[in-house]
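S.K.: After the sequence you'll find the predicted model.
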Amino acid sequence: MEKTGAEILLECLRQEGVDTIFGFPGGAVLHIYDALMRYAEEIRHVLVRHEQGAIHAADGYARATGKVGVCLVTSGPGATNTVTGIATAYMDSVPVVIFTGQVPTMLIGNDAFQEADIVGITRPCTKHNYLVKDVKDLATIVKQAFYLARTGRPGPVLVDLPKDVISASAEFNYPAKIKMRSYNPTYQGHAGQIKRAVQLILQAKQPLIYAGGGVVISNASKELAALAQKLCIPVTTTLMGLGCFPGTHPLFLGMLGMHGTFQANMAVTHCDVLIAIGARFDDRVTGKIEAFSPNSKKIHIDIDPTSISKNVRVEIPIVGDAKNILRSCLKYLDEEPSRDWTNLRAPWLAQIQEWAKTTPSVSRRGDCIKPQDVIQKIYELTGGDAIITTEVGQNQMWTAQFYTFTRPRTLITSGGLGTMGFGLPAAIGAQVAFPDKMVIDIAGDGSIQMNIQELATAVQYRLPVKVAILNNHCLGMVRQWQQLFCERRYSQTLLDVSPDFVKLAEAYGALGLRATKPEEVEPVIRQALSTPRPVLMDFLIDPNECVYPMVPAGAALTEMLLV
Amino acid sequence: MRHVISILVNNQPGVLSRVAGLFSGRGFNIESLNVAETLDPTISRMTLVTVGNDQIIEQIIKQLNKLVDVIKVMDLTGTDYVDREMVMLRVAADANSKAEVLRIVDIFRGRVVDVSPKYYTVEVTGDEKKVQAFIDLLVPFGIPEIVRTGKVAIPRVKKDSPIPGETAGKKTQEKSPEHP
């Protein structure tokens, strides 16, 4: 029996096991939304308030679950509103499929109403994208889109759907298998390279594991922990890697890089073998590239060949899936004679212990709430069991430093693109995926206003997300840079006028709470955590607080500012 | 250093834009670019000339391979290959200079493809040096218009080695730094 394009699309989604889509309707996708009503039993649609919210929510859903997130928007402005979110997902390798409406094929290129060349616009920020020109190709393209999004190095894939294609009919056949001659990601690492890597690791006196988001994506936490424990190798992670190794583990050094811990940055500078796993030597991690880990031999495990030798030359590159490669490493290690690694590693770990004593000081003057205390208290009261999302800026860095992440996929943050306004919609996506989990967005007063409208989405779908605003009445991170690098000339970083967040929460139908003094922090968090609906917490924090340690942009990792 | 890169791609709308966009987006240079269908109409071949140090060329090849529509990338530089370029140009030729122009065209095994009272339109095919020498010799006569195709290149086949097929399914990276 023939089906319309809209029905074919929804059948494909059903076959892919999609149970939730985040979207916003419009003229070009009218027929898809019409057909969606008939699939309401199987596919839940979450109506956001802005298309950027839809893509970030799909992204948050994908990061929390590891499944492909799905987003559906209309043509023109609907599509262009998702671009920031697509770029966000692309930078952090998040599997998302974006369906955009398009004007009818005969009108494409005519500057029609709500027309935008979204395939052209998103070419550099998607893993791949498609314009469907014939309804007969639709099922195959959707199959390919999901396949591309979740395999290899995952990423966003966009499918542009002209209105006439959606209303045309064709036989529906969902391809069972997919093979693309021009796309064959490498999963198994090269055996010779893995053996060389293992030998190098065995010879190391001061090895260090530097783990990134790739470990989370490949679900390799268990293997990573096994390797670290077996050979007693300390571990530092990137922002994206937080949670892939337990933050409570004695071998964990904290995050490295611009706002990394003193011990992590010293260890990476002085190690003799650096094992990079699913990380890409980003500039926020390396600082001045010539001074980055200058004495080490480097092993780099990554599924994306382009990540290798892009920024830093490495001695032993291994292309493949982190989980597979770590398993092979462990297998080869089992064949080696066992040694007393605890003893052998003692001098290196003692040196790290010594570095660990250097921590930035938190000033205790006045009666101000310290953002660090708020985050630590959230950690304490949730038992580290929550899914934490962040916005971008100081709130994000304090979260990375002061919340102890013990499990993968519990920190959802825009690492690569650094998208303000990401946290709330991403929290909504995570909460949709895990209705019974505590999901908390740690926000700043600047960032939260970039997608505050999604509070309505949370209220409508009874998603009990919590938002903790660290309110310093300014754009804190930029202000911090101005304080340090522009001689305190605070150009356009003071938010003189802000809404009353408590009243705003109430206006949306959420609960608003405020803490102005340190002793109010705990009761506010407790009340929020025990409220089974959306809560916005407004913490009036010390506006002068900065994020330390800090490595100024372009400086070596050893040049850390501590106060 | 200049590199001649030969790329097999899916013959799909937007592929050229993906390749060109990769170069502009990452700050790489394209000196010349040539695209046409192969015997298999679903596959096109691009011949691309670019400049960069070893690290940049390595990135270019990896980034090209990463594009979903790219089937195969070969860096011909450093291997044995033949390359050709064609130039068509209009050169001024009056009663005094006609004979001289024709002699030059003849020496370069060129052809006159169009004639008008004051101009010859001529074509020449050859490697870059030959084409450049030809142009340099004609410049003094006056060249009001010139068109160059950019390079096309093909690897030489060694004795006994199988002819590399254009429908080869697997992506191969000629320079594989991962598996030295």
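M.R.: Arrived safely.
S.K.: What parts of chain A come near chain B?
M.R.: Contact residues (CB under 8 Å from any CB of the partner chain) of chain A with chain B: A:119-120, A:123-124, A:127-128, A:131, A:148, A:180-184, A:190, A:192-193, A:304-306, A:308-310, A:317-319. Every residue, glycine included, has its C-beta placed from N, CA and C.
S.K.: What residue spans form the domains of chain A?
M.R.: In terms of domains, chain A is parsed into A:2-171, A:191-356, A:371-540 (source: automatic domain parsing).
S.K.: Ramachandran angles for the residue positioned nearest the centre of chain B?
M.R.: Nearest to the geometric centre of chain B sits B:Lys151, at 1.7 Å (CA atoms, centre = their mean). Dihedral pair for B:Lys151: phi -70, psi 140, per degrees, to the nearest 10.
S.K.: quick one: contacts for it?
M.R.: Neighbour list for B:Lys151: B:Val4, B:Ser32, B:Asn34, B:Thr47, B:Val49, B:Asp83, B:Arg84, B:Glu85, B:Glu128 [criterion: CB atoms under 8 Å, 6 or more residues apart in numbering or on different chains].
S.K.: Point out where the chain drops to low pLDDT.
M.R.: Let's take chain A. Under the criterion pLDDT under 70, the flagged ranges of chain A are A:363-365.
S.K.: actually it's chain B I care about, not the one you picked
M.R.: Short version for chain B, where the test is pLDDT under 70: B:159-180.
S.K.: Quick one: the helices in it, in order.
M.R.: B:15-25, B:54-66, B:98-107, B:128-138 (DSSP state H).
S.K.: what does the host helix or strand of A:Gly120 rub up against?
M.R.: For A:Gly120, the element it lies in under DSSP states H and E is helix A:118-122. Residues outside helix A:118-122 that contact it (CB under 8 Å, 6+ apart): A:75, A:79-80, A:83, A:86, A:100, A:102, A:129-131, A:158, A:160, B:14, B:17.
S.K.: so what are the domain limits for chain B?
M.R.: Chain B breaks down by automatic domain parsing into domains covering B:2-79, B:82-153.
S.K.: Return the most buried member of those.
M.R.: domain B:2-79 (a mean of 17; mean count of other CB atoms under 10 Å in any protein chain shown).
S.K.: now it, how far from the chain's geometric center?
M.R.: 12 Å (CA atoms, centre = their mean, to the nearest Å).
S.K.: what's the helix or strand hosting A:Ala507 packed up against?
M.R.: Using DSSP H and E, A:Ala507 falls within helix A:501-508. If contacts are counted by 3 or more CB pairs under 8 Å, 6 or more residues apart in numbering or on different chains; DSSP states H and E, helix A:501-508 sits against helix A:455-460, strand A:511-515, strand A:535-540.
S.K.: Go ahead and name everything in contact with the first one.
M.R.: Read it as helix A:455-460. A:46-49, A:53, A:57, A:424-425, A:428, A:431, A:463-465, A:467, A:504-505, A:508-510, A:533-534, A:536.
S.K.: Okay, strands next: where are they in chain B?
M.R.: Along chain B, counting by DSSP state E, strands occupy B:2-10, B:32-37, B:43-51, B:70-75, B:81-92, B:111-115, B:119-126, B:145-148, B:152-155.
S.K.: just so I know, which of these lies nearest chain A?
M.R.: strand B:70-75 (4.4 Å; CB to the nearest CB).
S.K.: how about the closest one as CSV, C-alpha atoms only?
M.R.: Presented in CSV, the C-alpha positions along strand B:70-75 are these (Å, rounded to 0.1, in the frame of the first residue of the first chain):
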residue,chain,number,x,y,z
VAL,B,70,34.1,11.1,-0.8
ILE,B,71,35.0,7.6,-1.9
LYS,B,72,38.7,7.8,-2.3
VAL,B,73,41.5,10.3,-1.9
MET,B,74,45.0,10.0,-3.5
ASP,B,75,47.9,12.3,-3.1
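S.K.: Just want the angle from that strand to strand B:43-51.
M.R.: Using axes from the mean of the first three to the mean of the last three CA atoms, to 10 degrees, the inter-axis angle of strand B:70-75 relative to strand B:43-51 is 40 degrees.
S.K.: Does anything pack onto strand B:70-75? Which helices or strands?
M.R.: If contacts are counted by 3+ CB pairs under 8 Å, 6+ apart, strand B:70-75 sits against strand B:2-10, helix B:54-66.
S.K.: CA atoms only for the first one, dumped as PDB, please.
M.R.: This points to strand B:2-10. Coordinates of each C-alpha in strand B:2-10 appear next as PDB, following Å, rounded to 0.1, in the frame of the first residue of the first chain:
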ATOM      1  CA  ARG B   2      52.300  21.900  -4.100                       C
ATOM      2  CA  HIS B   3      50.300  18.700  -4.100                       C
ATOM      3  CA  VAL B   4      48.100  17.200  -6.800                       C
ATOM      4  CA  ILE B   5      45.200  15.400  -5.100                       C
ATOM      5  CA  SER B   6      42.900  13.100  -7.000                       C
ATOM      6  CA  ILE B   7      39.500  12.500  -5.400                       C
ATOM      7  CA  LEU B   8      36.700  10.100  -6.300                       C
ATOM      8  CA  VAL B   9      33.300  11.300  -5.100                       C
ATOM      9  CA  ASN B  10      29.700  10.400  -5.300                       C
END
